[in-house]
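K.L.:
Sequence first, predicted coordinates after that:
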Amino acid sequence: MTLIKVCRLICCALVFGAAIAAVPNTFGQESNQPARANAQKEEDVNLDTQLYLILATNRDVEDGRMPSTLEPVMKRLHESLPFKHYTLAGTFLNRVRNTGGLDVSWVGGPFLVPASAATNSPSFSQFSAVVKLSTDESGREVVRMNGFRFGARVPVVTSQTTVTNASTGGTSFPVINYEPIGLRTDISMREDVPIIAGTLAIGASGDAIVVVIAAKRAN
C-alpha cells in the first residue's frame, strides 16, 4: 500500500508541476497577442507621400503659383537662398505601406531651358525611400524616410552647332549633354508638414532644384 501511495503522490506531483509550467506560457501568449495585433495594425497603415520639385532661378521669369501647403517652405527659401524666382516644376503623389519601400522613376519636361536656346529634351528622375511611422525623443509621432534618395539626369545646353546646306543656309542647333544630379539622406518629419530635403545646382546658369517632401496617413 505504501508503494502505491508513493506512486500516486509522484504522479500527482508531476501533473501539478506540468500544469504550473504551462501557466506562464499561456499568460505569455495571451499578453503578447495585443502587442502583435497592434504591430500588425500599424504595418497595415498606408501613407501618402508627396514630392515637390521647385525650380529656383535668377533668370527673368515669372514666379509660379505655389500650393498653400508650401507657404512655410517658400518663406524659408526666400530668407535662406539668394534666388529671385521660384517655380513649381513638378508634384508627385505616391502611396506606400508603413515600413514599406517606395521606388518611382519617371520622364518629365526639362528642368532647365537656358535663355540662349530652347530645348524640349526631357529629364529622367528617380525617387526612393523606406517610409515608417515612428516616435521622436519627445514621444511625438513622426514619419521617417530612411534611405531617401532623389536623383535625376537633366539636359544642359553646353554650346551651339551650325549645320549648313544649300537650300536653307546655316541652321543653329543646341548641343545638349545630360548631367546627373542627386541627393541621399535619412530624414524624419511631422505628419503632413512639408520639409526641404535638399537643394541641387543644375547647369552653368546657376539654377537649382529644391526637393521638398511630405507624408501623411492615407484616408
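P.N.:
Received the coordinates, thanks. All figures in this text were calculated on a predicted structure; none of them were measured in a lab.
K.L.:
Quick one: end-to-end distance for stretch 106-124.
P.N.:
According to CA to CA, to the nearest Å, stretch 106-124 extends 6 Å from its N-terminal end residue to its C-terminal end residue.
K.L.:
Same question for stretch 135-144.
P.N.:
Chord length of stretch 135-144, first to last residue, is 9 Å (CA to CA).
K.L.:
How about stretch 71-90?
P.N.:
16 Å.
K.L.:
List the buried residues in that stretch.
P.N.:
Using 16 or more other CB atoms under 10 Å as the test for burial, stretch 71-90 gives 73-74, 77, 83, 86-90. In this view, the C-beta of every residue, glycine as well, is placed from N, C-alpha and C.
K.L.:
quick one: contacts of that stretch?
P.N.:
If you take CB atoms under 8 Å, 6 or more residues apart in numbering as the criterion, stretch 71-90 is touched by 51-59, 61-67, 70, 108-109, 111, 194-196, 199, 208-210, 212.
K.L.:
Narrow the buried residues of stretch 71-90 to those in helices?
P.N.:
Counted as lying in helices by DSSP state H, out of the buried residues of stretch 71-90, are 73-74, 77.
K.L.:
Same list (the residues you listed) but as TSV, adding pLDDT and distance to I176.
P.N.:
Compiled in TSV, those are given as follows (pLDDT from 0 to 100; distance: CB to CB, whole Å):
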residue	pLDDT	distance to I176
V73	96	31
M74	95	31
L77	95	28
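K.L.:
Distance to P180 added to these, as JSON lines?
P.N.:
Converted to JSON lines, those look like this (distance: CB to CB, whole Å):
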{"residue": "V73", "distance to P180": "25"}
{"residue": "M74", "distance to P180": "27"}
{"residue": "L77", "distance to P180": "24"}
